[in-house]
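**Student:** show me the folded form of this:
(one chain, ligands or ions: 2)
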Amino acid sequence: MVTPSEQIEHIYRQVERRNPGEAEFHQAVREVLECLGPVLAKYPEYADQKIIERICEPERQLIFRVPWQDDRGVVQIARGFRVGFNSALGPYKGGLRFHPSVYLGIIKFLGFEQIFKNALTGLPIGGAKGGSDFDPKGRSDSEIMRFCQSFMTTLCHYLGEYTDVPAGDIGVGAREIGYLFGQYKRITNRYESGVLTGKSPEWGGALVRREATGYGTVYFVEEMLKSRGDSIEGKRCTVSGSGNVAIYAIEKLQQLGAKVIACSDSNGIIHDPRGIDLTLLKQLKEVERRRISDYTAHRDASYVQGGVIWDIPCDVALPCATQNELDETSAKTLVRNGCVAVGEGANMPTTPGGVRTFIGAGIAYGPGKAANAGGVATSALEMQQNASRDAWTFEHTERRLHEIMKNIHQDCFETAKEFGSPGNYLIGANIVGFRRVAQAMLAFGII
Ligand SMILES: NC(=O)C1=CN([C@@H]2O[C@H](COP(=O)(O)OP(=O)(O)OC[C@H]3O[C@@H](n4cnc5c(N)ncnc54)[C@H](O)[C@@H]3O)[C@@H](O)[C@H]2O)C=CC1
Ligand SMILES: O=C(O)CCC(=O)C(=O)O
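**Tutor:** Numbers count the residues shown, from 1 in each chain. Ligands and ions are numbered 1, 2, ... in the order given. Got it, this is the predicted structure:
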């Protein structure tokens, strides 16, 4: 008789063997699979129908050449990716990442995470991710436009509001979505608003989508603290990154009465004990697209090149930059310094050792697929508005986002309890997301 944990170990070994060299994908799969033992014990039909094995195999994977010309007239060749991982709950949905570190293993880890995250939102969206190893840093506006046009020239054949709906991620914001949408419209001869989300509100985008991931992460942390009789008000917070997710996490933390004392970019960290000046940060990062070190030219704060933000004592830590940015050593430092809550705005920012440290210490740990689901949830709200040719107010959309985040928290909280691990949001999130997808897959038969 093979036990559920032996079955799971066997499946994981198969995934490793079939996807060599994709370390981030292996890490994401292992984390989910390690939570599923009690689920297989309760639902033996999942094993009979090989639901886990099917979920670990993407439904489709596209890799394509993206040739483009730089401002000097030199031809450049990048690689494009789009992985449609699972469409049991709806059309493929997930962002595009433009960053030189992108390869198939990164896109697959992100796409895999997206399956469960999207299921957690309770909205009808499947899981996908895409992107390119194109490096937008230092590129002119016209280079970005030419690259986006070339990228979409190939990708457009695989998209559609009922098929696959990309959005932004690292290196892809409203500017890139504009160029991508323009090219899609030109090639297909269709003004298909619902084919991309994260659009500008002037031409079909949802208000609050820009803010949604950061705001949602803070709402999730607020719920975790509330469940422990605590609140965000007055907390000292550190937020890594200074991109879309970080900026709007800082905004919501400040609105709720917290003080954010540090943020970062890939070069270094800013420590501003009086509290980050958000107007200045937005001007530097969103308008002027500068490095965060320039903050100190305008304000009395310290900049540490290559510093570790998690060394700064705080009550609440929000990793909002990139995968594996918070390791076991940093996790131990945070716990030792009295940190009571961690909310992952980024995807898989904490290494497995770091996650074990947080859970072992009993602090409130909100895993990315639950805590940062507000971004994709608001993308689904953007799709709703596009489908009904409607545009909701900021207040209405933010209220919907807030409700969704509260529901995600509640579902994770209750499910962790149901499976014997109260307070463990990692187990709660993975089981809620997995069970929803698994039930739909069972209903569809072997496809
Ligand atoms: N944009 C969205 O709606 C969503 C984004 N995410 C995740 O949030 C994270 C951040 O994404 P965005 O803010 O959209 O990207 P972005 O491109 O707007 O910003 C990324 C930020 O991270 C910083 N960064 C990158 N590597 C770093 C490192 N090693 N150390 C410190 N800082 C570093 C960059 O300097 C930049 O400030 C990513 O993990 C992304 O997958 C998750 C859910 C939705
Ligand atoms: O809004 C979306 O469709 C995707 C957001 C995303 O890429 C993510 O949740 O990591």
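**Student:** can you tell me the SS state at Arg436?
**Tutor:** What DSSP: H, G, I helix; E, B strand; the rest coil gives for Arg436 is helix.
**Student:** so what's the residue count around the closest residue to Gln305 other than its chain neighbours?
**Tutor:** Distances taken as Cβ to Cβ, 6 or more residues apart in numbering put Gly268 closest to Gln305, at 4.3 Å, once the chain neighbours are dropped. The way it works is simple: take the backbone N, C-alpha and C, and place the C-beta from them, glycine included. By other Cβ atoms under 10 Å, 15 other residues sit near Gly268.
**Student:** now do Gly268 against Thr279, distance only.
**Tutor:** From Gly268 over to Thr279 the distance is 21 Å, taken as Cβ to Cβ, to the nearest Å.
**Student:** same question, Glu398
**Tutor:** Counting by Cβ to Cβ, the gap from Glu398 to Thr279 is 20 Å.
**Student:** okay, the two: which has more neighbours?
**Tutor:** Legend: neighbour count by other Cβ under 10 Å for Glu398 and Thr279, higher for Glu398 (21 against 8).
**Student:** flag every residue of the protein that's near ligand 1.
**Tutor:** 168-171, 213, 240-246, 264-266, 320-322, 325, 345-347, 372, 375 (Cβ under 6 Å from any ligand atom).
**Student:** and the residue in the stretch 151-300 of the chain that ligand 1 sits nearest to, what are its phi and psi?
**Tutor:** As assessed by Cβ to the nearest ligand atom, ligand 1 sits closest to Gly243 within the stretch 151-300 of the chain, at 1.7 Å. Phi and psi for Gly243, reported as degrees, to the nearest 10, are phi -100, psi -160.
**Student:** ok so, going back, ok, the residue nearest to Gln305 - contacts?
**Tutor:** Ile292, Ser293, Tyr303, Val304, Gln305, Gly306, Gly307 (Cβ atoms under 8 Å, 6 or more residues apart in numbering).
**Student:** quick one: which of these is nearest ligand 1?
**Tutor:** The closest of the contacts of Gly268, once distances to ligand 1 are taken by Cβ to the nearest ligand atom, is Ile292, at 7.3 Å.
**Student:** mind listing what the closest one touches?
**Tutor:** Ser242, Cys263, Ser264, Asp265, Asn267, Gly268, Ile269, Ile270, Leu281, Leu284, Lys285, Tyr303.
**Student:** burial measure for the last one, as a count.
**Tutor:** Okay, so that is Tyr303. By other Cβ under 10 Å, the residues close to Tyr303 number 19.
**Student:** helix or strand next in line after the helix or strand where it lies, which one?
**Tutor:** Following DSSP states H and E, one finds Tyr303 within strand 302-305. Sequence-wise, the next helix or strand downstream of strand 302-305 (DSSP H and E) is strand 316-318.
**Student:** what packs against that following strand?
**Tutor:** helix 209-227, strand 236-239, helix 244-255, strand 341-343 (3 or more Cβ pairs under 8 Å, 6 or more residues apart in numbering; DSSP states H and E).
**Student:** returning to what we had before: just the buried ones from the contacts of Gly268, in PyMOL syntax?
**Tutor:** What follows is the PyMOL syntax selecting those of the contacts of Gly268 that are buried according to 16 or more other Cβ atoms under 10 Å:
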select buried, resi 292+293+303+304+307
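**Student:** and the contacts of Gly268, which two are the farthest apart?
**Tutor:** Ile292 and Gly306 (12.5 Å; Cβ to Cβ).
**Student:** what is in contact with these two at once?
**Tutor:** Residues touching both Ile292 and Gly306 (Cβ under 8 Å, 6+ apart) are Asn267, Gly268.
**Student:** okay, and the residue nearest in space to the middle of the chain sits in which element?
**Tutor:** Closest to where the C-alpha atoms of the chain average out (Cα atoms, centre = their mean) is Asn347, at 4.4 Å. In this assignment (DSSP H and E), Asn347 forms part of neither any helix nor any strand.
**Student:** spatially nearest residue to Arg60 (excluding sequence neighbours)?
**Tutor:** Using Cβ to Cβ, 6+ apart and skipping the chain neighbours, the partner closest in space to Arg60 is Gly84 (4.5 Å).
**Student:** likewise Tyr162?
**Tutor:** Leaving out its chain neighbours, the residue that sits closest to Tyr162 by Cβ to Cβ, 6+ apart is Pro91, at 5.5 Å.
**Student:** OK, contacts around Ala78?
**Tutor:** Per Cβ under 8 Å, 6+ apart, neighbours of Ala78: Val66, Pro67, Trp68, Ser132, Asp133, Phe134, Phe147, Phe151.
**Student:** quick one: contacts for the residue nearest to the centre of the chain?
**Tutor:** Phe109, Leu110, Glu113, Gln323, Gly368, Lys369, Asn372.
**Student:** just send these back as a markdown table, with pLDDT and distance to Glu45 too.
**Tutor:** Output for these, formatted as a markdown table (pLDDT from 0 to 100; distance: Cβ to Cβ, whole Å):
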| residue | pLDDT | distance to Glu45 |
| --- | --- | --- |
| Phe109 | 98 | 28 |
| Leu110 | 98 | 29 |
| Glu113 | 98 | 25 |
| Gln323 | 98 | 33 |
| Gly368 | 98 | 29 |
| Lys369 | 98 | 24 |
| Asn372 | 98 | 31 |
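**Student:** helix, strand or coil for the residue in the stretch 51-200 of the chain positioned nearest to ligand 2?
**Tutor:** Using Cβ to the nearest ligand atom, Gly95 is the residue of the stretch 51-200 of the chain that sits closest to ligand 2, at 2.6 Å. Using three-state DSSP, the structure places Gly95 in strand.
**Student:** can you count the residues close to it?
**Tutor:** 26.
**Student:** do Arg336 as well
**Tutor:** Using other Cβ under 10 Å: Arg336 sits among 10 other residues.
**Student:** isn't Tyr219 right next to Gly374, touching?
**Tutor:** Yes - using Cβ atoms under 8 Å, Tyr219 is in contact with Gly374, at 6.9 Å.
**Student:** tell me which of the two has more neighbours.
**Tutor:** Counting neighbours by other Cβ under 10 Å for Tyr219 and for Gly374 shows that Gly374 has the greater number, 31 against 26.
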